[in-house]
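Undergrad: I would like the atomic coordinates for the input below:
(2 chains)
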Number of protein chains: 2
Amino acid sequence: MEKGDIKEIVFIGAGNLATQLALELQKSGLLIKQIYSRTDKSACQLANLLNVAYTSNIKNIVSADLYIFAVSDSVIKTLSEQINCEKAIFVHTAGSVDMSVFSAKREYGVFYPLQTFSKQRHLDFSSIPICIEAGSKNVEERLISLAKKISSKVELISSSQRKQIHLAAVFVCNFTNHMYTIGANLLESNNMSFELLKPLIYETASKIKELSPKDAQTGPAMRSDEKTINKHQDMLYDKVCLQKIYRFVSESISLEHKQ
Amino acid sequence: MEKGDIKEIVFIGAGNLATQLALELQKSGLLIKQIYSRTDKSACQLANLLNVAYTSNIKNIVSADLYIFAVSDSVIKTLSEQINCEKAIFVHTAGSVDMSVFSAKREYGVFYPLQTFSKQRHLDFSSIPICIEAGSKNVEERLISLAKKISSKVELISSSQRKQIHLAAVFVCNFTNHMYTIGANLLESNNMSFELLKPLIYETASKIKELSPKDAQTGPAMRSDEKTINKHQDMLYDKVCLQKIYRFVSESISLEHKQ
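TA: Numbering: from 1, shown residues only, chains lettered A, B, ... in the order given. Have a look, this model is predicted:
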């Protein structure tokens, strides 16, 4: 069994998460040896940022201590089957993929940074929780040691817990961001700037530093203010999709606060 | 017609918004003369914070330059009809109530701070947009001058625009906060701490400083990742309400990104 620190890393994938994680690991002194992506263009884009080699041919992958798969869930298994490097650890960064996707490998695990990434936006990794899972104690120790180089919030999380975290993340991040989009669209279609809503958005997020989200809840649904709820539904008469969201989220708020 | 600065204010209502706004106006040198609330208990609570008089009998309201109605939408009209003070301006702080609720008065308007308030949480008003509407130019000027004492973001907003803002605010604040509650419940029912999600929540809000929410969108619905969407729906099999929210918000994200 291989021991010691992970030093050489190959990235399989060059999307938002791969970009930010590769930049951060390189900054922390790790050697990013190569970037693989399905297209030369995207592989090259990230490789140039890091000044390292790249390929779009999975057969040309070089040897490394660690392969980090940051690709679509559906291609992790197939791609990993085409890489033969006995001494390497195989990890993925996916919320909803079981670690067992790598069970044909000797050493494997999961390295899941719980954050929303965009290519353009650089992040401070030190406060990003990194959820680690590993197929063996040895790999666990090596992944934890790697994660601690970039974050102070390293957590051991099982595959089933990680799936719950990912589901929760879809609500608090992806769905929240879509609420912002809906707000922006409503204002802009009435000739007002989305800027108006920003202080409210920042404060809504800041509030949970002090209060539980349940205690922080305000608004018509929380007050069972049927008159306002009905007015709002009427205003959305030509937006069936938003009307449904309005109705079911309001119902869910009522349910939560009746308990 | 009365001219000059507003100096003496009576608050009708003692809830979250009344509490924070009264504290802020007092801090800025305005004289809060009296607090009215439906119950002595809540009137007294706010009055004590401000060290001013209070009443729960609307007939005992004293004269003032400005009455600020921060009460349930449904009682604004009835309460205002019981206050006779010819020289005063009557304003409410409600998102979805037309200014015409005060049309029987001589001078009236709207003073709507666009923010989420809780009694326990003190806020910096300087960046809170205050939406002003007035029945006359004179009242408009006096309300703007008052608003500028506490905020640098004073906006003239019509009743119909304000209703759109309020609807948008329900999505970006109340519904977003409920997404946080759902996330907290999912984690806590699986023995994990809500703390894990906080860096993700803060970053989701911060992202829109640089990116439009549409450009900031990430997640399975955005990627049309049907497999993950189906997995998540299955995980919510015993939570019908959340399943509906998951489905319709995902559909709305798809719709937004197909356009």
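Undergrad: From now on I want contacts and neighbour counts done on CA atoms only, so please keep to that.
TA: OK.
Undergrad: and residue A:233, how many neighbours?
TA: 18 (other Cα atoms under 10 Å in any protein chain shown).
Undergrad: ok, now residue A:209?
TA: Neighbourhood size, residue A:209 [other Cα under 10 Å]: 12.
Undergrad: which SSE is it in?
TA: Under the criterion DSSP states H and E, no helix or strand holds residue A:209.
Undergrad: Need phi/psi at it.
TA: Main-chain torsions, residue A:209, degrees, to the nearest 10: phi -70, psi -30.
Undergrad: show me the contacts for it.
TA: By Cα atoms under 8 Å, 6 or more residues apart in numbering or on different chains, no residues touch residue A:209.
Undergrad: how about stretch A:151-171, does it reach chain B?
TA: Yes - residues of stretch A:151-171 are located near chain B by Cα under 8 Å from any Cα of the partner chain, namely A:161, A:164-165, A:167-171.
Undergrad: go on, stretch A:87-97?
TA: Yes - contact of stretch A:87-97 with chain B (Cα under 8 Å from any Cα) involves residue A:96.
Undergrad: list the buried ones in that stretch?
TA: By neighbour count on 16 or more other Cα atoms under 10 Å in any protein chain shown, the buried set for stretch A:87-97 is A:87-97.
Undergrad: quick one: which of these is nearest to chain B?
TA: residue A:96 (7.0 Å; Cα to the nearest Cα).
Undergrad: On the pLDDT front, check that closest one for me.
TA: If you check residue A:96, the pLDDT there is 92.
Undergrad: Can you list the buried residues in the helix ranked longest in chain A?
TA: For chain A, the longest helix by residue count, based on DSSP state H, is helix A:240-258. For helix A:240-258, a neighbour-count test (16+ other Cα under 10 Å) marks A:242-254 as buried.
Undergrad: now do stretch A:35-47
TA: Neighbour counts over stretch A:35-47 (16+ other Cα under 10 Å) mark A:35-37, A:42-47 as buried.
Undergrad: Including distance to residue B:128, could those go into a markdown table?
TA: Converted to a markdown table, the buried residues of stretch A:35-47 look like this (distance: Cα to Cα, whole Å):
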| residue | distance to residue B:128 |
| --- | --- |
| A:35 | 46 |
| A:36 | 47 |
| A:37 | 45 |
| A:42 | 42 |
| A:43 | 44 |
| A:44 | 44 |
| A:45 | 41 |
| A:46 | 40 |
| A:47 | 43 |
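Undergrad: And those, which two are furthest apart?
TA: Using Cα to Cα, those span at most 10.9 Å, a distance reached by A:36 and A:45.
Undergrad: and the residue of the stretch 1-150 of chain A nearest chain B?
TA: Of all residues in the stretch 1-150 of chain A, the one sitting closest to chain B is residue A:115 (5.0 Å; Cα to the nearest Cα).
Undergrad: tell me the pLDDT at that residue?
TA: 96.
Undergrad: Please tell me how far the nearest residue to it once chain neighbours are set aside sits from residue B:180.
TA: Once flanking residues are discounted, residue A:115 sits nearest to residue B:200: 5.0 Å by Cα to Cα, 6 or more residues apart in numbering or on different chains. Distance, residue B:200 to residue B:180, using Cα to Cα, to the nearest Å: 11 Å.
Undergrad: ok, now residue A:230?
TA: Relative to residue B:180, and taking Cα to Cα, residue A:230 is found at 24 Å.
Undergrad: Can you pick out the residue with more neighbours from these two?
TA: More neighbours surround residue B:180 than the other of residue A:230 and residue B:180, with 30 against 12 (other Cα under 10 Å).
Undergrad: picking up where we left off before, the inter-axis angle of the longest helix of chain A versus helix B:240-258?
TA: Counting by axes from the mean of the first three to the mean of the last three Cα atoms, to 10 degrees, helix A:240-258 points 150 degrees away from the direction of helix B:240-258.
Undergrad: State the mean pLDDT of helix A:240-258.
TA: 95.
Undergrad: ok, residues contacting that helix?
TA: A:214, A:221-222, A:224, A:233, A:236-237, B:171, B:175, B:178, B:241-242, B:244-245, B:248-249, B:251-252.
Undergrad: cool, stretch A:171-179 as well?
TA: Contacts of stretch A:171-179 (Cα under 8 Å, 6+ apart): A:116, B:171-172, B:175-176, B:179-180, B:182-183, B:197, B:200-201, B:204-205, B:213-214, B:216-219, B:246, B:249-250, B:253.
Undergrad: how far does that stretch stretch from start to finish?
TA: For stretch A:171-179, the end-to-end distance is 10 Å (Cα to Cα).
Undergrad: what does stretch A:53-60 give?
TA: First residue to last in stretch A:53-60 (Cα to Cα) measures 11 Å.
Undergrad: Contacts for it next, please.
TA: By Cα under 8 Å, 6+ apart, stretch A:53-60 touches A:33-40, A:43-44, A:47, A:61, A:79, A:82-83.
Undergrad: cutoff 10 Å now
TA: A:10-13, A:32-48, A:61-62, A:79-84 (Cα atoms under 10 Å, 6 or more residues apart in numbering or on different chains).
Undergrad: Identify those among those that sit within helices.
TA: Among the contacts of stretch A:53-60, the ones falling in helices (DSSP H) are A:40-48, A:79-81.
Undergrad: so what's the backbone phi/psi at residue A:111?
TA: With angles defined as degrees, to the nearest 10, residue A:111 shows backbone torsions of phi -130, psi 90.
Undergrad: and residue A:132, what helix or strand is that in?
TA: strand A:130-134.
Undergrad: For that strand, which strands pair with it and how are they oriented?
TA: strand A:107-113 (antiparallel), strand A:154-156 (parallel) (DSSP bridges).
Undergrad: Many thanks, we can stop here.
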